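> Kindly return the folded structure for what I paste below:
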Amino acid sequence: MPAIVTSAMAERCHRKITDENTTNDRHAIALYNAARFYVALGDKEHDATLKSVAYDAAVSDLLESRDRAADTNTAFINPWQRGDKRSQAAQMASNRFFLANRSYLLGKAYLELGKLNGARACAGREQCFEKAAAELEHDAAARAAGTLRDDYFYLRASVYLAWGQFTLARRDLELLKDSPTYGAPAVQALGEMFIADAKRQLVPPLSLGGIAGARASYQAALSLSAESIQGQLGLAETYMLEARIAGEQSDRRTRYGDAAREFGRAISMAGSHDQAPDRLRALEGRGTALLELARLGVVPALDGAISDLKAAAELDPGIGGAPAMLMLARSLIDAKRESEADIAYAEAERRFGADPRASLARGEHAFARGKQLYARADHAGARAQFQQALAEMVWQDGRADAYFFLSAIDLLTAQNAIADADAAKTAGGGISPYWEQACLARIAAGGVVIRSKAAMANCAGNDLLLGLFYLRHAQLMPTVGAANESRRLAQDAFIRARTAGGSILTSPMPETLLIADLAAFGSGVALSCSSAAGLNVSVDLDVAKLEKAKSFFQLHRVHACVASD
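Residues are numbered from 1 along each chain as shown. Modelled structure (predicted):
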C-alpha cells in the first residue's frame, strides 16, 4: 500500500474517534487501526525523521487504545452481537488476536524507535528497548498462544538482539528453529550470536580460557549450520591462537596441525560456495599453519605452505592478497629460494601501497637480506640491511630480531654488543632469546661489565648462562683460589644444565647448538683451567660438535683460562 494511502487510512480511523456517539470500545478499535497504519507507514518510510514521527504516533494511539479498552476487557469487539456459541467463540478468538496484536504493534514501534535513538514516546535507545521488552514479556504466554506465536517471539528476540541482551534473545530464537516462517532467520541469528560471542572472548589479552570459550561458540555455530564458513574459519583460528601461546614445542606442533586440518575444511566449504574472500582467508590460514609446522621440524609442511600461500595471494591481486604474499615471501626464505622471496617481498610492498604495512614488507625484506649476508659472513652488508629494517619496521618482534642480529654482528666484529642486545630485549618484551643475548653480550664484554648487578640479573635463571658467567668471572679473578672457586660454581651450573635436557639454544649463529653439548664443553674448560693439564682435558663430543662448541666459547671469550681483554 503506498505511503500516501496508508497515511489517509490512519486519518480516517482518527475521524471515527472524534465521533461523540462512538463508544470507548469502538474508540479503542479505531485507535488500534490507526496505529496499524502508522506502523506500516514507518516501515515504508526512508526518512529517519518521518519514520520517527510515524512510530511515535503509533505508540501514542496504542497506549490511548489501551486506556479506552484495557486488556482485561475481553468482550468489546462488536459487543452488541449476541449470537450462538459458535459466533461467541469466534468473537473471543478475535478479541485475543486484537489484544495480542496491539501488544505486538506497541513492541514493534518501541523497537523501531530504539533503532532511531528515541522520540517523544521514549527518551532514548535504552529506554525504548526496555519498554519494548517489558511490553512483549508481559502476559507473553497468553498473547503468543495463537496465530501470532512465531511473530511475537521473533519480534521479542529482535528487541533483545538490538539491545544486546543475547541470552534472552537466544531463548526466543531457540523456540523458532523449526518455525516454517522464522526458522531460517532464527538459525542464522543464533549462528551470528555465537560467532559474535566468540569474537568477544578473543579480545586481548588472550587467555587459554577465552580461546576455549571462543572455540565452543564457533562449534555451536557449526552445530546449527554445518556450512557456516565463518564458524569454521573462526574454529581454525582458535587453534592458531592457542599454538602461539603454547609453551612446549610438542603442544605448538599439535595445535598448528589442528589449525591446518580445520582450515582445510574451510577451504572445501569456500570452494563449494565460490566465496573468494573466505577461500583466501582459509588458504592463507592453512599456509601459515603449515609454515609454522615446518619451522617446528615438520619439514614436508613447507612445500604445502608455499603452495597454499601462492594460491591465496593469486585470489586477490590488490591489498586483500598482500598479507598472503608477505607470508609467501617468508616461506620462500625458509625454503632458501631467495630470488623468489625477493620478488614476493617486492610484490607485497606494491600491493600494500600507502598502507602502513608496506613498511613492514620493506623492513622484512631488508631483514631477510641481512640474514642472507650474515650467513655469508658479510657483516658490513648485513649490518646495513638490519639498520634499514629498523628504520622501516614498527613491528616489535621484527625490531627485536634485527637488534638481536646486530648484537651478534657486534660480537663477531669484536665490538661491544650490549646496546643492541638490550634494545632487542626491550623490543622483544624480555623473553627468550633476547634476554639470553643480553647476558651473552655482557659475558663477552667482560671487565667491569661482568661484575655488575645487571650482568648477573640478565644471566640468572639459565644454568648454561650462569656457567658461562662464572667462567668469565674466573678469568678476571686476582688470585688462583678465587678463580678456581668461580670455576667450581661454573662446573655446578654446567652439570645442572646437562641434566636438565638438550634443548636448542637460540642463537643467530648459523650452526645449531645444543645446551647439553655446550654444557659438556664448558665443564671441560672449567676442569682444564683448574688443573695442571691446561686445555687438554678431553670432552665427550664428536669432532663436529666439538668445533661448534669451541667456536661459541671463543666468540663469547670464555674459552681461555685468563682474560685477554
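> What is the burial count for Arg557?
Per other CB atoms under 10 Å, the neighbour tally for Arg557 reads 21. No exception for glycine: its C-beta is placed from N, CA and C like everyone else's.
> how close does it sit to Gly447?
Arg557 sits 11 Å away from Gly447 when distances are taken as CB to CB, to the nearest Å.
> What values do phi and psi take at the residue positioned nearest the centre of the chain?
By CA atoms, centre = their mean, the mean C-alpha position of the chain lies nearest to Leu202, the distance being 5.4 Å. Backbone torsions for Leu202, taken as degrees, to the nearest 10, come to phi -100, psi 10.
> so it makes contact with Ala212?
No: using CB atoms under 8 Å, Leu202 and Ala212 do not qualify as a contacting pair, with a distance of 10.9 Å.
> what residues do those two have in common as contacts?
Counting by CB atoms under 8 Å, 6 or more residues apart in numbering, Leu202 and Ala212 have no common neighbour.
> so where's the stretch 201-350 of the chain uncertain?
For the stretch 201-350 of the chain, residues meeting the criterion pLDDT under 70 lie at 272-274.
> Show me where the protein dips below the pLDDT cut-off.
Within the chain, the ranges that satisfy pLDDT under 70 run 1-23, 73-88, 272-274, 501-512, 532-537, 565.
> quick one, domains of it?
The domain map for the chain lists 1-143, 395-460, 461-555, with the assignment taken from automatic domain parsing.
> quick one: contacts for Met327?
With contact set as CB under 8 Å, 6+ apart, Met327 has these partners: 284, 287-288, 291, 309.
> Select from those every entry located in strands.
Assigned to strands by DSSP state E, none of the contacts of Met327 qualify.
> Out of those residues, flag the one nearest to Phe194.
Relative to Phe194, the closest of the contacts of Met327 is Glu284; by CB to CB it sits at 23.4 Å.
> The closest one: how many residues sit nearby?
Counted with other CB under 10 Å, residues neighbouring Glu284 total 24.
> So which other helices or strands are in contact with the helix or strand harbouring Asp251?
Assignment of secondary structure by DSSP states H and E places Asp251 within helix 249-273. Using 3 or more CB pairs under 8 Å, 6 or more residues apart in numbering; DSSP states H and E as the contact criterion, the neighbours of helix 249-273 among helices and strands are helix 229-245, helix 276-295.
> circling back: buried deepest among the domains of the chain, which one?
Between those, domain 395-460 has the highest mean count of neighbours, a mean of 20, where neighbours are mean count of other CB atoms under 10 Å.
> Between its first and last residues, how far does that one reach?
Taking CA to CA, to the nearest Å, domain 395-460 runs 28 Å from one end to the other.
> so what's Glu237 up against?
Applying CB under 8 Å, 6+ apart, the residues near Glu237 are 259, 285.
> quick revisit: possible to save the contacts of Met327 as CSV with distance to Ala270?
Rendered in CSV, the data for the contacts of Met327 read as follows (distance: CB to CB, whole Å):
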residue, distance to Ala270
Glu284, 12
Gly287, 14
Thr288, 16
Leu291, 20
Leu309, 16
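> Quick check: the gap between Ile450 and Tyr434.
In this structure, Ile450 and Tyr434 are 19 Å apart, going by CB to CB.
> Then Gly304?
When CB to CB is applied, the distance between Gly304 and Tyr434 equals 31 Å.
> same thing with Ala28?
Using CB to CB, one gets 77 Å for the distance from Ala28 to Tyr434.
> Lys108 now?
Using CB to CB, which is the criterion applied here, Lys108 is 60 Å from Tyr434.
> ok, now Pro180?
In this structure, Pro180 and Tyr434 are 62 Å apart, going by CB to CB.
> and if you look at Ser207?
Applying CB to CB, the value for Ser207 to Tyr434 is 24 Å.
> Over to Gln91?
According to CB to CB, Gln91 stands 83 Å off from Tyr434.
> Equivalent analysis for Glu126, please.
Applying CB to CB, the value for Glu126 to Tyr434 is 49 Å.
> do the same with Gly191
Relative to Tyr434, Gly191 is positioned 43 Å away (CB to CB).
> same question, Val525
Distance, Val525 to Tyr434, using CB to CB: 26 Å.
> A strand includes Gln415, no?
No: with DSSP: H, G, I helix; E, B strand; the rest coil as the criterion, Gln415 is assigned coil and is not in a strand.
> what's near enough to touch Cys122?
Contacts here follow CB under 8 Å, 6+ apart; on that basis Cys122 touches 59, 110, 113-114, 128, 131.
> mind checking the SS state of it?
The three-state label given to Cys122 by three-state DSSP is coil.
> With adjacent residues omitted, what lies nearest to it?
Excluding the flanking residues, the one nearest Cys122 by CB to CB, 6 or more residues apart in numbering is Cys128, at 3.9 Å.
> Make sure that neighbour is actually in contact with Gly114.
Yes: with contact defined as CB under 8 Å, Cys128 counts as touching Gly114 (3.3 Å).
> quick one on the thing from earlier: in CSV: the helices and strands packed on helix 249-273, plus distance to Thr413.
Rendered in CSV, the data for those read as follows (distance: least, CB to CB, whole Å):
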stretch, distance to Thr413
helix 229-245, 34
helix 276-295, 28
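> The ones you listed: which one's closest to Asp151?
In this view, the helices and strands packed on helix 249-273 are compared for proximity to Asp151 by CB to CB, and helix 229-245 is the closest at 27.8 Å.
> check contacts around Arg488.
For Arg488, counting by CB under 8 Å, 6+ apart, the contacting residues are 526, 530.
> So what does it look like in phi/psi?
The main-chain torsion angles of Arg488 are listed as degrees, to the nearest 10 and equal phi -60, psi -40.
> can you give me the helices for the stretch 1-150 of the chain?
All helices of the stretch 1-150 of the chain, identified by DSSP state H, counting those that start in this stretch, fall at 3-17, 24-44, 48-68, 85-115, 125-137, 140-143, 149-163.
> want to throw the ones you listed into JSON lines with distance to Met327?
Formatted as JSON lines, the helices of the stretch 1-150 of the chain follow (distance: least, CB to CB, whole Å):
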{"stretch": "helix 3-17", "distance to Met327": "53"}
{"stretch": "helix 24-44", "distance to Met327": "48"}
{"stretch": "helix 48-68", "distance to Met327": "44"}
{"stretch": "helix 85-115", "distance to Met327": "41"}
{"stretch": "helix 125-137", "distance to Met327": "42"}
{"stretch": "helix 140-143", "distance to Met327": "52"}
{"stretch": "helix 149-163", "distance to Met327": "37"}
